[in-house]
Each structure stands twice: as structure tokens, then as C-alpha cells.
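Undergrad: How does the following fold in three dimensions:
(chains A, B, C and D)
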Protein chains: 2
Amino acid sequence: MSTIPARRRRATIHDVAVEAGVSRGTVSRVVNDEPYVSEQARIAIEAAIEKVGYVPNNAARSLVMQRSQAVGFIVHEPHSLFLEDPNIGGILLGANTALSSADYQMVCLIIDSDRDNDRVARYLSGGFVDGVIIVSARQNDPITRIVEKLALPSVFVGHPPDLRQLPFVGIDNRSSARAITERLIGTGRKRIGMIAAALDRDSGADRLAGFRDALGPRFDPALVEDVPLYAFSAGVDGMRRLLERAPDLDGVFAASDAVAAGALEALREAGRSVPGDVGVVGFDDSAWALRCQPPLSTVHQPAAGLGEAAAESVLAQLRGEEPDLGGILLDTPIVWRDSA
Amino acid sequence: MSTIPARRRRATIHDVAVEAGVSRGTVSRVVNDEPYVSEQARIAIEAAIEKVGYVPNNAARSLVMQRSQAVGFIVHEPHSLFLEDPNIGGILLGANTALSSADYQMVCLIIDSDRDNDRVARYLSGGFVDGVIIVSARQNDPITRIVEKLALPSVFVGHPPDLRQLPFVGIDNRSSARAITERLIGTGRKRIGMIAAALDRDSGADRLAGFRDALGPRFDPALVEDVPLYAFSAGVDGMRRLLERAPDLDGVFAASDAVAAGALEALREAGRSVPGDVGVVGFDDSAWALRCQPPLSTVHQPAAGLGEAAAESVLAQLRGEEPDLGGILLDTPIVWRDSA
DNA sequence: TTGTAGGCGTTATCAC
DNA sequence: GTGATAACGCCTACAA
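TA: Reported below is the predicted structural model:
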């Protein structure tokens, strides 16, 4: 006695054709806005489409066309990224904007487990996307391999892939870090420390390297404190430790704005004024920067720009152009506010 | 003289069959791990798959199977959500986890313009997803309509759809707001104000209603300040104004943790101690809550739980079960920390 | 301007 | 166990 309401079959081009009294070919032409169809036929067909409730089936279309008009956007390690990385939202939006203008659907896929890894790999292989943008890939992961194997148009954002055989867009963390440190030095600070973070990632290591570059011979390893994550609480801890070791500190470069915000907190605890006693600079120009008291001087990361550039790269590959394997580096202007 | 390296055609089941000297049917069985295939054939076929580099084509498969094993996750107004809403990440992750366990691919689609609206509507119609989870739909938007028209298994999260004919999951903002306000009253505060936010949304209006419920006859409209957004800076402004109007205030319910963080800032400016002079409570239990000084007492939003519940609802519909149109409301425990 | 028919890569239903 | 063969819904020459 089960009365599951059999979901009725979706109307096809065939149904429309019958309803309108024309052939499937003609219906197809109307659906795709092609020329050479009489006004009379068009009207009849449009009415029929409305009547039978026809909507085109993309799976069938992409099977025959051999393309899906969709581009994947893969996010790894979403726990740290989605919940903490201030840039991911901007990248996502930038990529979507560019893809959208080209009439491509961006589909964002999250990888949060090994199982996800495999499933996403299958998804990519299956023709559901024509290209892919990858954020923060891990070393030698299944996705990177599958993308290479399929020769799927692709681009990495944030940092280069393992073997620099695949195109990428990013920023130059090292020279950006160097630039802002120099600027900090320019304000007359003499004892400048750094709260380095995530040294196991390219970005973290490069920012430290840039700091070192700027200081040159005056670089003092004792003034560097490293913390595992680009996080507020890590900034608090790092600053406390740094202050213990070097109470005479008068400048700090924090590896990210979140870390800088934490440092500000610890500095306040310790009764130091900013920028009076110590100048603080961050990195990212994320929402944190404006929220701080005083607002942070920092390095602007062009998040939306990165997303757009990534999308443009994939789009170019889709048009058959050869990707630029050298990688694309975007500018990172320094934004000078009140914290230093 | 163009030498575009014609991307070579991808191998199909047919190629594998020829290579292995068997029929396509047998190859299909191997690919799908079906029984009734000899060990010998299996070995030959697996070798052939490897040799020709075969990967199954999902578009073809979903055409014939009439399903894609994918579920869409739609995010509207990403500007405010992705960049500000502290819950979106958790919802995303929770939904992905549940979908992943059921071997469904979650594909997240962003709607950031009218153009996106139309494109996503087409995408959904096209058979690329078997169901859909919708976050923060707008009144009568194209997506809601298309979902209804297609009778696509769907669920809304955050708040109910216009016509409550579609299933949803969410929390009871009103009774949660009431509960935390009562708790604040319980600490002995006598002059309690509220910084209400986003009154044009259900969530904002409901939180105010709950606050009013808790106060009953003691409710004083003069102690309510409303701000447009759930944002830090809005909290700062709101608190300043509230303090001007009611300097004798000893308790504040902020409509969100971000707002509460802003309020704390304004309170500090004004030289009031928390929780000494005034007790402050927030809403969301987002990253803000722990980041504040002192840490916020707040209402916990089960973000991941919402995502999971939404996914389970879609999954159930996919199994043919009738959705619960009444909506599913999740618990929101109060987390009591130091700010009140 | 319109209709016909072949094929996109799979799965599924049969006989063998 | 295995191999033909008919769908799935659509696009696209090509013929009319």
C-alpha cells in the first residue's frame, strides 16, 4: 500500500517536439538560440516548453559536447582555511566573478578527509568540470597527480605546486616581508623582533626569510619567536615570550594580522603602548587589521585579485592558450596605518 | 604552423575492452566492482585500464543512471556571509562530512550576482546534482522557485523559506535569546540593555523578541539600540550610543559575538570594567567569543550540527523518505564564560 | 527553414 | 561468466 508519489519523468526535447508538432532538431535550435528557425515554430516551441515544463539536461549536453562549462575550485584543509584564513573568502569571490563573466559555473569542492580526496579525484576525472583552481595543495596529493594525469587545465593559488610544472598565481612573500620590515626600520626602530608562524609552509618560511633580508647583518635570531599557526592566540603567546627574552624590543613584525592582533593584546597586558613604545606591523590586510586598536600597518594581500588571476589562467587554458609555467606574482602594496 | 598539442582523446570503456579482448559489459562490471567476472578477465581488464589510462566518465554515467551522486550547497550573498558570518564555515564542513559518509560529493555554488542566479538555476536543473542545501535564501528568488518546480530534494538552513512548504533546519533564535537574557538577569543585573542587529532578518528580529520575552514588564525600549549589521564596528557604535543614553546600565545582550566584541571595546574606552561594572553576553559562540577579553558568555550555535542535519535531510529525501516540513530546530546550549 | 540519424560513454537487460 | 544491444537526452552534420 505504499503510495510514494512516483516523481514524474522530466520532460525531454522529444516531449517538446511532439507537443509543438516539430522535430527535435528544431527544438534544440530554439533552446540554444540558434538562427534559422521560423517565428511561427519558435512561438509554438516556446509555448510547448512552458507547457511540458522542459528544462535541458546538462549531463546529456556535456556528454555530447565534451565539456561542462564548469570549473572546480578545490579547498584543502578547510578546518584551518575556512575558519581562519582571512583570504580564502576573497579568493573565492574573485574567482567566481571572473568565471561568471565567462559564463562558467564555479563549483567549490572541499577536501577534509582521505575519503574526500578520492571522491573529488573521481569527480574531477569524470567530466563534471573543464578545469580546476586549487588552493593550498599538499605535497604530492592525489588531486595534484590526477590533474597532471588528465592534463586538466589547472592553476594553483597561494604557492607553487611541488614540481613547478603546473601554473600558479601567488604573491612574493619574501620580498613583501622584506619591504614592510624595511619600512618599519625606517621609522627609527632599533630592536626589531619577529613572530614567525607556520614555518612548515612556504609562506611562513618566506616571510621569515624576507625579514632576515631586510635586517641584514643586524638580524638577531634571539629576536625571532616562532609559533605554529597564523592565529590570534599564537600571537599572544609569541609576544609574551618575545617580551620576556627581549624587554627592550621596540618593533615587531608579526607573520599575519591575526598574529599581530594577538601581539597587540600581549603588549597591552604588559603595559606597552603601540606605537609609542613599540611599533607593530602585520601581514594580509585582513579584517583583523582594521579591527585592531590601533589599526595595523600591514602588507595588503590581493585576495580577490588572486582569485581572478587564477580564473583567468584557467579560462585562457580553456581557450587553448599555453599556460605560463613561470607563475604569476601579484603586487602587495604596503598599507600604513597607526600601529607603526 | 600552429602546434597546439591536440589533447588526446580520453580512453573509454570501449578502448579498455578492445585492449583486454573482452566486451564492454565485462569491463563495466569490473569498474563497478560487480560480481560474476572471472579472475582471469578481471586481471586482464585491470591491466588494460592501467595501460590505456582509463577513467570513467561521470557525465555519461549520470545520464544513464539518472543521478549524479552530488548535492549542491548554495551560498547567497557571499560578501556578508563568507567574510563575516562565523557560522558558514562550520555549516559547510558539517554538511560535507555527512554527505561524504554517504559517498555524495558536495558542490558549493556561490551566488553573487543576478547572472550567478540564473546560471546556478540552470546548473541545478541540469541533473548535475541530486539535491540541494540552501543557505540564506532571499525572498522569492529564482533558486527557490526552480527547486520547487523541479521538486528537487532540498533543505534550507538558517531560517525557513518564504512559504513553509520546503523543509529547513535552524535554531530557535527567540527562545535562545530569552534563555541567555534570563541567565544574565539571574546574575543580579538591574538595568539591562540590548544591542540589536539586523532587524530586517528573521534572526535579528527574533533575538530582540526573545530579549523582550525575558524582561517581560521590565522591558524598556529606551535600552535597546539597533545597528544594521552583525559587525564589530556596529557593536562599538551601538554601545557608545547606549552608554550615552543610559550611563547606569549594568548589563548588555549583544545580538552576536562580533557585536559584543565591539561593545567590549566601547566599554573599555568608557572606562567600565567587564564583568565588574557591566555584564555582557553575546550570541553565536564564534571565534570572537574566545578572542575577547574577558571571554564571552554566549549562546552556542551548532554550526556543524546544522550542516549535518541539513545533509541528513537531503539524504533522507534521496532515499525516498518524505521530508519533515515542520522544520528541524537544533539545541543551542548556553556557554558561560567570564564576561557576565 | 526543417527533419533525420548517428554518436557522445555508460549501464542494464537480455540471451548465450 | 560473458557478450550483444538498447536506452539515457542531447547536438549536429547532412539531406530535404
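
Undergrad: Any residues of chain A in contact with DNA strand C? List them.
TA: Within chain A, the positions lying close to DNA strand C (C-beta under 7 Å from any atom of the strand) are A:21-26, A:29, A:35-38, A:40-41, A:60, A:63-64, A:66. Backbone N, C-alpha and C define where each C-beta goes, glycine included.

Undergrad: Settle this for me: residue A:113 is touching residue B:100, isn't it.
TA: Yes. At 6.5 Å, residue A:113 counts as touching residue B:100 under the criterion of C-beta atoms under 8 Å.

Undergrad: if you count what's nearby, which of these two comes out ahead?
TA: Comparing residue A:113 with residue B:100 by other C-beta atoms under 10 Å in any protein chain shown, the one with more neighbours is residue B:100, at 20 against 13.

Undergrad: need the helices for chain A, in chain order.
TA: Taking DSSP state H as the criterion, chain A carries its helices at A:13-20, A:24-31, A:39-52, A:58-65, A:78-84, A:88-101, A:114-125, A:142-150, A:173-186, A:202-215, A:232-245, A:257-269, A:287-291, A:303-318.

Undergrad: weakest of the ones you listed in terms of mean pLDDT?
TA: Among the helices of chain A, helix A:78-84 carries the lowest mean pLDDT, a mean of 64.

Undergrad: For residue A:90, give me its contacts.
TA: By C-beta atoms under 8 Å, 6 or more residues apart in numbering or on different chains, the contact list for residue A:90 reads A:303-304, A:306-307, B:83.

Undergrad: Figure out which of the helices of chain A is closest to residue B:105.
TA: Checking the helices of chain A against residue B:105 by C-beta to C-beta gives helix A:114-125 as the closest, at 5.1 Å.

Undergrad: Pick out the residue nearest the middle of chain A.
TA: residue A:91 (3.9 Å; C-alpha atoms, centre = their mean).

Undergrad: Make CSV from the helices of chain A and add distance to residue B:189 to it.
TA: What follows is the helices of chain A, written out as CSV (distance: least, C-beta to C-beta, whole Å):
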stretch, distance to residue B:189
helix A:13-20, 67
helix A:24-31, 65
helix A:39-52, 61
helix A:58-65, 58
helix A:78-84, 33
helix A:88-101, 37
helix A:114-125, 47
helix A:142-150, 53
helix A:173-186, 45
helix A:202-215, 45
helix A:232-245, 29
helix A:257-269, 27
helix A:287-291, 27
helix A:303-318, 42
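
Undergrad: quick one: residue A:171 and residue A:301 touch, right?
TA: Yes. Counting by C-beta under 8 Å, residue A:171 does reach residue A:301; the two are 6.2 Å apart.

Undergrad: Next, show the common contact partners of these two.
TA: With C-beta under 8 Å, 6+ apart, residue A:171 and residue A:301 have common neighbours residue A:332.

Undergrad: mind listing what the residue of the stretch 101-250 of chain A found nearest chain B touches?
TA: Per C-beta to the nearest C-beta, residue A:126 is where the stretch 101-250 of chain A lies closest to chain B, at 2.7 Å. By C-beta under 8 Å, 6+ apart, the contact list for residue A:126 reads B:55-59, B:61.

Undergrad: hmm, back to that, mind checking which of the helices of chain A is nearest residue B:146?
TA: helix A:58-65 (13.3 Å).

Undergrad: Tell me, what's the model's pLDDT at the residue of the stretch 101-250 of chain A closest to chain B?
TA: So residue A:126 comes in at 86 (pLDDT).

Undergrad: likewise residue A:136?
TA: 77.

Undergrad: contacting residues around residue A:46?
TA: With contact taken as C-beta under 8 Å, 6+ apart, residue A:46 is in contact with residue A:30.

Undergrad: Skip the chain neighbours and tell me the closest residue to the residue nearest to the centre of chain A.
TA: Closest residue to residue A:91 apart from its sequence neighbours, by C-beta to C-beta, 6 or more residues apart in numbering or on different chains: residue A:307 at 4.0 Å.

Undergrad: who touches that neighbour in this structure?
TA: With C-beta under 8 Å, 6+ apart, residue A:307 has these contacts: A:90-98, A:133, A:157.

Undergrad: just the contacts of residue A:126 now: which is nearest chain A?
TA: Nearest to chain A among the contacts of residue A:126, counting by C-beta to the nearest C-beta, is residue B:58 at 2.7 Å.

Undergrad: Surely that closest one is in contact with residue A:129?
TA: No. Applying C-beta under 8 Å as the test, residue B:58 and residue A:129 come out as separate, 9.9 Å apart.

Undergrad: overlap in contacts of those two?
TA: Shared contacts of residue B:58 and residue A:129, defined by C-beta under 8 Å, 6+ apart, are found at residue A:123.

Undergrad: Tell me which of these two has more neighbours.
TA: Neighbours per residue (other C-beta under 10 Å) separate residue B:58 from residue A:129, with residue A:129 holding more: 30 against 26.

Undergrad: pretty sure the more buried one contacts residue A:70?
TA: Yes. At 4.9 Å, residue A:129 counts as touching residue A:70 under the criterion of C-beta under 8 Å.
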